[in-house]
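Trainee: My questions are about this predicted structure, shown below with the sequence.
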Amino acid sequence: MTEHALPRHAAFPTSRLEDADGEGLNPTANRTMGEIITARFSRRDLLRGALATTAIAATLGPVALLSAGDAKAEGPASRFDFTEVEAGVDETHHVASGYDADVLLRWGDPLFADSSAFDPRNQTPEAQARQFGYNNDYVGFIPLNGSSEHGLLVVNHEYTNEHLMFPGIVSLSEKADEKNPEKKIPILAIKDADRTRVDIEMAAHGGTVVEIRKVEGKWQVVRDGALNRRITAGTEMELTGPAAGHLRLQTAADPSGRRVFGTINNCAGGVTPWGTYIMAEENIHGYFTGKLPEGHREAANYKRMGIPEGTYQWGRFHERFDVSKAPNEPNRFGWVVEVDVMDPNSVPKKRTALGRFKHEGAESIVSKDGRVVFYLGDDERFDYVYKFVTKDRFVEGDRAANMRLLDEGTLFVAKFGEDGTMEWLPLVQGQGKLTAENGFETQADVLIETRRAADLLGATPMDRPEDVEPNATNGRVYVMLTNNTRRKEEQVDAANPRAKNAFGHIIEIHEEGGDFAAAKGRWEVLLKCGDPSVAEVGATFSSETTKNGWFGMPDNCSVDTEGRLWVSTDGNSPKGTGRTDGLWAVETEGAARGTSKLFFRVPVGAEMCGPLLLPDMQTAFVAVQHPGDGGEDWEGFGRLSYYEDLSTRWPDFQPDMPTRPSVVAITRQGGGRIA
């Protein structure tokens, strides 16, 4: 039987800093965020760890980030009231003292009355399609009957880890170290997949809708819930909006260009004001194999998206994932999907008006005039931040009308200025360079090739934009920028971002007039992440932040009902930061601004996803993704981790059970509000 080397998730989010993002596919010379920040702030002030307050006062006033010394001197502590977790690495999770962290849903848990019990050594595609999927990422909650203790939990299942999921497929081998050929590096090799294994993986993708209820202070799954549903890589979906039916979305299997099967690599997501579930398709490139026919019109388009990469072997058994046989199929992925959770038989809709790229989330908020604004990140080095503004207004109580909002509106891309101002550039066919002469004959072309359209408008390349979250309490928007380890040395001075920026940063946007639908705004660096005790890292956490409170690689975030920011991370590791990923409470206001506290940490090898604070502030849901994916850098294990030899068997810790991605419900012991 043939084998292939484990790709270590080169195409997907991972806990490994060296391959945590793609190669960087933006070919433009648009000024990067690093160059803009460098030009904006003086070297002297940044070396002192503070922003250039005189320059900022002229443009931003009170928005300016306080220096660590100022935060210490003015005294007020963070609004987050809990005893901090100690940062570190081990095989299990940890939560702040006085809180319970209960595993609510695990990979393979039955979701329906007729679901099979989880049997990892005898898994089938049919069983997986009726069980909780793999690698839970986004977590959302839609209340039933207005209750904070009874509702639908919606969860994305981003991707699969073969070496952690399947027994008997891994063998160990070695390769020469590129820097030191005499040194051998151990690697995992995986047996080529068969049709059953591929179909199990496809069934483990997608999303879950499941009814949950709080009983005597503890959350429980309602296994026979009438609205329970699994969405997979084989679920029938409808393409809607300006690109639906376009020639470039038509295939031999679907000449209409409106009917597509499945959704893949659903990372972050959202819940709309009218109570639907948003799934965002991110790293779609790894699922496609083959070679386009010579001279095919999609060649440049696919190159900009990194297609095909062929991490998965699906194309061997499903021709639609082989671009030589279905050359238009990749254009049918990379969209935002809307699901009507109140009808378990509804057809999910891929809303093309929100553009096609590597979507990281789609969080929304109602603007001053009633239009709905969705904030979107494109998770790749040197790609962009977007927002979509609906044409029509949200109507409270008119669900039927609101269900049509995502098919008409304007997609914008962000351009950040040196002076702290920014503008949102409309991606509209016929405007600026988005003309037929440049290959954009219709609005459908603009949306299918959103990245190239944004390139031509001169948008600002960012360091992996991930979650983008609006804050209804203070009117600001937070942009998580995870890292960019391919930033060149010649771009570096004392300013952010940094060469080989392994730790990322957080941008804060203030929309003009406090209007989320505004075409202009201002921006500020909220945090440069990393270890503040290492001077060359240049982190800007407040001096009130302890050795446990700093973090690197911000990824997902959540704003609670008090307007406080919670940040989860992807990439902290024994070797990179001496800690696992986790959930940090980050202060954004007043003298405590820039103070961060560790609330929850994950097991070795895991990534922290979610998070979600319920409106009553009495529950926090978090998603622990790919636990056990690694262990060679942790002294407690010291070798590669795979099904038969795992660095952790969290959460069951049973010898006959593999490690299982899970959703955890965090509540305060004795009840009460969190933090």
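Mentor: Looks like it came in fine. Numbers count the residues shown, from 1 in each chain.

Trainee: any chance you could map the strands in the stretch 551-675 of the chain?
Mentor: In the stretch 551-675 of the chain, the strands defined using DSSP state E, counting those that start in this stretch lie at 554-559, 565-569, 582-586, 596-601, 607-613, 620-625, 662-668.

Trainee: Pull up the pairing partners for the fifth one, direction included.
Mentor: Here strand 607-613 has these sheet partners by DSSP bridges: strand 620-625 (antiparallel).

Trainee: now the strand it pairs with against strand 662-668, angle please.
Mentor: Calculated by axes from the mean of the first three to the mean of the last three CA atoms, to 10 degrees, strand 620-625 forms an angle of 150 degrees with strand 662-668.

Trainee: Which residue, neighbours along the chain excluded, lies closest to residue 102?
Mentor: In space, not counting the residues next to it along the chain, residue 102 is nearest to residue 665; the distance is 5.1 Å by CB to CB, 6 or more residues apart in numbering. Glycine gets a C-beta too; all of them are placed from N, C-alpha and C.

Trainee: got the contact list for the closest residue in space to residue 174 that isn't next to it in sequence?
Mentor: Spatial nearest neighbour of residue 174, excluding adjacent residues (CB to CB, 6+ apart): residue 184 at 4.2 Å. Residues counted as contacts of residue 184 (CB atoms under 8 Å, 6 or more residues apart in numbering) are 174-177.

Trainee: try residue 235
Mentor: Contacts of residue 235 by CB under 8 Å, 6+ apart are 206, 261-263, 348.

Trainee: confidence score at the nearest residue to residue 134 once chain neighbours are set aside?
Mentor: Spatial nearest neighbour of residue 134, excluding adjacent residues (CB to CB, 6+ apart): residue 204 at 3.9 Å. What the model reports for residue 204 is a pLDDT of 98.

Trainee: My guess is residue 204 contacts residue 157. True?
Mentor: Yes - between residue 204 and residue 157 there is a contact at 6.2 Å, judged by CB atoms under 8 Å.

Trainee: So those two - more neighbours on which side?
Mentor: Neighbours were counted for residue 204 and for residue 157 using other CB atoms under 10 Å; residue 157 has more, 31 against 27.

Trainee: Look up how far residue 137 lies from the more buried one.
Mentor: To residue 137, residue 157 is 7 Å away according to CB to CB, to the nearest Å.

Trainee: Overlap of the contact sets of the two?
Mentor: residue 266.

Trainee: In the stretch 401-550 of the chain, mark out all the helices, start to finish.
Mentor: Ranges of helices in the stretch 401-550 of the chain, per DSSP state H, counting those that start in this stretch, are 443-448, 450-457.

Trainee: and if you look at the stretch 51-200 of the chain?
Mentor: Assigned by DSSP H, counting those that start in this stretch, the helices in the stretch 51-200 of the chain fall at 53-59, 68-74, 125-128, 162-165, 195-204.

Trainee: just to revisit the earlier point, for residue 204 and residue 157, list the residues in contact with both.
Mentor: 133-135.

Trainee: Now find how far off-centre stretch 422-441 is within its chain.
Mentor: 27 Å (CA atoms, centre = their mean, to the nearest Å).

Trainee: So which bits of it are buried?
Mentor: Buried positions in stretch 422-441, judged by neighbour count with 16 or more other CB atoms under 10 Å: 422-427, 429, 434, 439-440.

Trainee: outside of it, which residues touch it?
Mentor: Taking CB under 8 Å, 6+ apart as the rule, stretch 422-441 contacts 355, 387, 410-417, 442-443, 445-447, 449-450, 452-454, 456-459, 509, 518-523.

Trainee: State the distance from the residue nearest to residue 274 when sequence neighbours are not counted to residue 351.
Mentor: Spatially, and ignoring its direct neighbours in sequence, residue 274 is nearest to residue 402 (3.7 Å; CB to CB, 6+ apart). Distance, residue 402 to residue 351, by CB to CB: 13 Å.

Trainee: Can you pick out the residue with more neighbours from these two?
Mentor: Comparing residue 402 with residue 351 by other CB under 10 Å, the one with more neighbours is residue 351, at 26 against 21.

Trainee: correct me, but the more buried one touches residue 408?
Mentor: No - in this structure, residue 351 is not within contact of residue 408 by CB under 8 Å, at 10.1 Å.

Trainee: shared neighbours, those two?
Mentor: Residues touching both residue 351 and residue 408 (CB under 8 Å, 6+ apart): residue 241.

Trainee: so residue 187 touches residue 175, yeah?
Mentor: Yes - counting by CB under 8 Å, residue 187 touches residue 175, with 5.5 Å between them.

Trainee: more neighbours, the two?
Mentor: Ranked by neighbour count (other CB under 10 Å), residue 187 and residue 175 place residue 187 first, with 14 against 10.
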